[in-house]
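Student: Return atomic coordinates for the entry below.
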Amino acid sequence: MKTRWQITAVLLGTAMACTPALGWSQQPYPGEEDHRPKQDMRNAGHEAKDAARDTGHAVTHGTDKAYHSTKRHTKHAAHRTKNAVKGAAEGAREGAHEPQ
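Tutor: Residues are numbered from 1 along each chain as shown. Next up is the predicted model:
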């Protein structure tokens, strides 16, 4: 029984010792061979540009959505108001013709 635990401990210890070595052997940026500071600055610039572009597109989308929503709800309110006034005027006209 004791040898079984020793074998398990040895295998577990070996696995734990080899795992960091496998992690450190990976490239920091897979697919990119050039890791000079100049290339890092270029990559940062491209990422900042892409982020700014995405933000601009999101703002444009939000502005268009707000504009169309405001336009739609304003028209809806105007039609409801027109119908309410029309109904009130017709009701007043009928009330004037047929007093109680």
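Student: State the pLDDT value of Cys18.
Tutor: pLDDT for Cys18: 68.
Student: Please give the element, helix or strand, for the spatially most central residue of the chain.
Tutor: Geometric centre of the chain, nearest residue: Ala58, 9.3 Å, by Cα atoms, centre = their mean. In the assignment (DSSP states H and E), Ala58 maps to helix 37-97.
Student: gap between that helix and the chain center?
Tutor: Here the centre of helix 37-97 is set off from its chain's centre by 19 Å, with Cα atoms, centre = their mean, to the nearest Å.
Student: when you give positions from now on, start the count at 8
Tutor: I'll keep to 8 as the first residue from here, and by that count the last item is helix 44-104.
Student: average model confidence for it?
Tutor: In this model, helix 44-104 has an average pLDDT of 91.
Student: Against Ala96, how distant is Gly102?
Tutor: 11 Å (Cβ to Cβ, to the nearest Å). Just so you know, the C-beta spots here come from the backbone N, C-alpha and C atoms, and that holds for glycine as well.
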